[in-house]
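>>> just the structure for this:
(2 chains)
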Amino acid sequence: MSGLAEFQRRFQAGLMAGDLAGVADAVIHPAGLAVHIHAARAVLIEGLADNFAKTLHWLGGEAFAALGLDYLAITPSSSWTLADYGDDFADYLRRRLPDDPEVAELAALDWALRGAFGAADPAPADWARAPGIEWDDLRLDLAPGAALLAFASNADAIWAAIPHGPIAPAPAPGRVLVWRDGQEPRFRRPCAGEAALLAALVAGGRFGAACDASGAGSDDIGGWLRGWLNAGLVVPRGGAGRRPAPGWSGS
Amino acid sequence: MIAPLPRSLYGLGLRRPHHEAFLSGTVPVDFVEVISENFMVDGGRPAAVLARVRCHHDVVLHGVSMSLGTATGLDPAYLARLRRLADAIDPLWVSDHLAWTGIDGVNSHDLLPLPYTEEALAIVCRNIDQAQTALGRPILVENPSTYLDFRASQMPEWAFLSAMVDRTGCALLLDVNNIHVSAHNHGRDPLAWLDGIPWAAVRQLHLAGPSAGADGLLIDTHDTPVPDPVWQLYAEVRRRAGAVAVMIERDDDIPPLATLLAELDRARLTEPQMAPR
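Numbering: from 1, shown residues only, chains lettered A, B, ... in the order given. I've put the predicted structure just below:
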């Protein structure tokens, strides 16, 4: 065996290709190679199934596994945790199933909710009560773990109906807002005005200009802003609003 | 080296179906083992659950992605994140496996085997040094279940583990199921393996059950009750080991908590048969 690093690269390449014949001469009983071929695939499929549970339910196990196997053949995991596996699975499904946009959007919603689950806890929006805030010039961003998804279908309604009642996919353009309420990931479809304003802010627009461009009334904007602040949904751009993981206490 | 335990401890792995029970603080265990990577998160429910469980129990951080056998070294970002978790919860110890999971930034999420060569030994020891320095504490290293026997190997697994302990000061987590699985798969005598182990370095034991795979291999699935051969081997281990932290490591097909506690009670019953050291 010529160098462990070189051997590990060959082994890993074979593992990803599903064929370890290239290293069979390095072992006494090659039957054990199949165990690793199987395990490496099974664990990634299980990771996808865990991260995209509603997508799996919608597609069915067989179709999900087939798509998952194709995906993992071109997408190695690069994270220490399977919870991070599949960050572009929704995009992959969009390319593979262009006529079924609800599938990719279900996956995008699964992924966003997963991200919200373990994101940093939102900080109280004390910053918004500080005197002298120049709201017109302020740039806001979504809090860690929050997401604003652009949907063409009613995937959010399909997600909510699984597993109890099947809903037929239908066009339903709009945005879906994902955040965490306490420890529970949530989502809702904001009205068009709120969604447009949030999208403008997420795109980097200043608060005053985004409000003007939205055409919404000040009462509506004030209501939306209060809701965002109460939910810890928005933070000033530049990093405020994130707090460290909760203090741990030992026994 | 991690100091010897004053008495043996008995614990379980923290698994999702049992979170509520552990949060209540009423589960009769001395410690809880968690998969480190599941809690290397920024916040939310996982962090809150572990913080609350830690209020009731000592915790062991058991990792699956340190990849101690990777020839190009460990991921500093992984170690830094694990250090943050360890500093936050003050675990009994941090452990991972004698295995590699990937190279060049890829993670197979499978515990891949190493040839037991002098080169691999030097690499593993260098990596353990890196981990212990980054974590600011000695670690425990677990013997793996293996399905491959490398032609290049120059020493038996027990000799590799023994040299690793000597060179790094790490301690050992012996997975009794893995001893059984590897001995079965390679046609070796598990008692001869036990005879080569540096028992003064053993701090923790895992008990679990394997499944039958193709070609007569046993697979380390951890989804079945602890079988009789593992219990028999466990009795031999307890005859040799000092005070250790013993746990039932069930990873799949998770049964009711009472079932696991019954297995843990059976593990406790073996203690009086220990020979004085």
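
>>> quick one: whichever helix or strand residue B:48 is part of to chain centroid distance?
Residue B:48 is part of helix B:44-56 when elements are defined by DSSP states H and E. When distances are taken as C-alpha atoms, centre = their mean, to the nearest Å, helix B:44-56 is centred 21 Å away from the chain's centroid.

>>> cool, stretch B:213-231 as well?
Averaging C-alpha positions (C-alpha atoms, centre = their mean) puts stretch B:213-231 16 Å from its chain's average.

>>> quick check: buried residues in that stretch?
When burial is assessed from 16 or more other C-beta atoms under 10 Å in any protein chain shown, stretch B:213-231 yields the following buried residues: B:213, B:217-226, B:229-231. Quick note: C-beta positions are derived from backbone N, CA and C, even for glycine.

>>> pLDDT, secondary structure and distance to residue A:174 for those residues - can I get that in TSV?
Rendered in TSV, the data for those read as follows (pLDDT from 0 to 100; DSSP: H, G, I helix; E, B strand; the rest coil; distance: C-beta to C-beta, whole Å):
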residue	pLDDT	secondary structure	distance to residue A:174
B:213	93	coil	49
B:217	95	coil	53
B:218	95	strand	53
B:219	95	strand	48
B:220	92	coil	48
B:221	91	coil	45
B:222	89	coil	45
B:223	91	coil	43
B:224	93	coil	48
B:225	95	coil	51
B:226	96	coil	53
B:229	97	helix	59
B:230	97	helix	56
B:231	97	helix	59
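
>>> just checking: which of those also lie near chain A?
Residues of these in contact with chain A (C-beta under 8 Å from any C-beta of the partner chain): B:213, B:217, B:219.

>>> the second one against residue B:147, yeah?
Yes. Taking contact to mean C-beta atoms under 8 Å, the distance of 5.8 Å between residue B:217 and residue B:147 places them in contact.

>>> in this structure residue B:170 contacts residue B:164, no?
Yes. With contact defined as C-beta under 8 Å, residue B:170 reaches residue B:164; the gap is 6.7 Å.

>>> pick out whichever of those two has more residues nearby.
The residue with more neighbours, out of residue B:170 and residue B:164 and counting by other C-beta atoms under 10 Å in any protein chain shown, is residue B:170; that gives 27 against 22.

>>> in contact with that one, which residues?
Residues in contact with residue B:170 (C-beta atoms under 8 Å, 6 or more residues apart in numbering or on different chains) are B:1, B:128, B:132, B:138, B:139, B:140, B:141, B:164, B:201.

>>> neighbours of residue 33, how many?
With no chain named, the answer covers chain A. Close neighbours of residue A:33, defined as other C-beta under 10 Å, add up to 22.

>>> switch to chain B, that's the one I care about
Residue B:33 has 26 nearby residues by other C-beta under 10 Å.

>>> what segments of chain A are strands?
With DSSP state E applied, chain A shows strands at A:140-142, A:147-153, A:171-181, A:184-188, A:234-236, listed in chain order.

>>> minimum distance to residue B:16: which of these has it?
Minimum separation from residue B:16 across the strands of chain A (C-beta to C-beta) falls at strand A:184-188, 15.6 Å.

>>> would you mark the buried spots in that closest one?
Applying a neighbour-count criterion of 16+ other C-beta under 10 Å, the buried positions in strand A:184-188 are A:185, A:187.

>>> now that strand, how far from the chain's geometric center?
12 Å.

>>> and that strand, what's its mean pLDDT?
Average pLDDT, strand A:184-188: 95.

>>> what residues does it touch?
With contacts defined as C-beta under 8 Å, 6+ apart, strand A:184-188 is touched by A:109, A:112-114, A:116-117, A:145, A:156, A:159, A:176-180.

>>> quick one: work out the angle between that strand and strand A:171-181.
Angular relation of strand A:184-188 and strand A:171-181 on a 0 to 180 degree scale: 150 degrees, by axes from the mean of the first three to the mean of the last three C-alpha atoms, to 10 degrees.

>>> pull up the pairing partners for strand A:184-188, direction included.
The strands beside strand A:184-188 in its sheet (DSSP bridges) come out as strand A:171-181 (antiparallel).

>>> and the angle for the partner strand with helix B:44-56?
Between strand A:171-181 and helix B:44-56, the angle formed by their directions is 20 degrees, by the same axes, to 10 degrees.

>>> give me the number of residues near residue 3?
Using chain A here. The local packing count at residue A:3 equals 10, with neighbours defined by other C-beta under 10 Å.

>>> wrong one, chain B
8.
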